[in-house]
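Undergrad: Take this sequence and fold it.
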Amino acid sequence: MSRRTRVAALVWTGALLFGVLHFAIQPTVRYAYLYGGVLFHGYSMLAPVLLPLGLVAAARLSAQRWAPVLAMLVIVLTGVVGGQIARAGFALLQPVSVIEAEIAKDPRSPIAVGHAIAEKNRSESRTASTLSPFLSLIPALAIVAVDARRRPVWATLAYALTGFVTMGARLASQPAFVPLVPGVGATLLALAITAVVAVLSGVGIRWISDALAGAAPVLRADPGDHVEVSHGMASRWRRSKSAISSS
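TA: Numbering: from 1, shown residues only. Predicted coordinates for the structure are as follows:
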């Protein structure tokens, strides 16, 4: 397997992992709408536990500084294309909606809350909704700026803090969430929780990426890059160096 193929596989795997974990924390947006306060930032507080894993690990295992941004581009572009296909399918098939009956059964169900949010956000400008997916590139760029290959814990923290700002601004700009924007005290508390969670998660992500490096070869960095790695990863790097050079 060529080096480029390995890098592409790691980027793709990081994107898939991010997508699965992102889906798992989507209910936090519903809690933000239902309860507000500190939970308005529930997504940002929980995101550092799961989401940086695929991005930071992709950078460290591929030895490519820009791997997190490439992974996020895969996610954003596939999401945009998937959305266009879904809209075209609904327009073509024109299915009969039964959502009113489901909402009547439980007004606080995920379906009901999601429908209420969508209805209130209909007044949002088309430009804002179109550009929204690309905001996720900002935290990925923060990982690149810090260089996750050398500083996985700091990269996780950078992802968390930039994600806190971008997600908070995104929700605060949506009509459904404008009345729920918390005060300074709740926001600072949520920010402090996010930072602590990010540091602890960063330590875990560093350990996981080291463990993965021990199970598979780690690609060399590009010429001219000076990458510092942990002792476990460095050991595996040295053992796999000759095999990688010959590929």
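Undergrad: residue closest to the middle of the protein?
TA: Leu51 (4.4 Å; CA atoms, centre = their mean).
Undergrad: Sort out which residues of the helix or strand harbouring Leu212 are buried, please.
TA: Using DSSP states H and E, Leu212 sits in helix 184-215. The neighbour-count check on helix 184-215 (16 or more other CB atoms under 10 Å) flags 186-187, 190-191, 193-195, 197-198, 201-202, 205-206, 209-210, 212-213 as buried. All C-beta atoms are positioned from the backbone trio N, CA, C, and that covers glycine.
Undergrad: Measure how buried Thr28 is and give me the count.
TA: Neighbourhood size, Thr28 [other CB atoms under 10 Å]: 19.
Undergrad: Gly82: neighbour count?
TA: Neighbours of Gly82 using other CB under 10 Å come to 10.
Undergrad: got the phi/psi numbers for it?
TA: When quoted as degrees, to the nearest 10, the phi and psi of Gly82 stand at phi -60, psi -40.
Undergrad: do Pro182 as well
TA: phi -80, psi 170.
Undergrad: If we ignore the residues flanking it in sequence, what's nearest it?
TA: Among residues not flanking Pro182 along the chain, Phe40 sits closest, at 4.9 Å (CB to CB, 6 or more residues apart in numbering).
Undergrad: So that neighbour sits against Leu171, correct?
TA: Yes - using CB atoms under 8 Å, Phe40 is in contact with Leu171, at 6.9 Å.
Undergrad: Now do the shared contacts for those two.
TA: 32, 177, 181 (CB atoms under 8 Å, 6 or more residues apart in numbering).
Undergrad: do you know how far the residue nearest to Pro182 is from Leu200?
TA: 22 Å (CB to CB, to the nearest Å).
Undergrad: just Leu46 next, same as before
TA: For Leu46 relative to Leu200 (CB to CB), the value is 13 Å.
Undergrad: swap in Ala32?
TA: 23 Å.
Undergrad: Kindly report the same for Pro152.
TA: From Pro152 to Leu200 the distance is 13 Å (CB to CB).
Undergrad: do Thr130 as well
TA: From Thr130 across to Leu200, the span is 36 Å (CB to CB).
Undergrad: same deal with Val80?
TA: From Val80 to Leu200 the distance is 33 Å (CB to CB).
Undergrad: same thing with Leu34?
TA: Distance from Leu34 to Leu200, by CB to CB: 27 Å.
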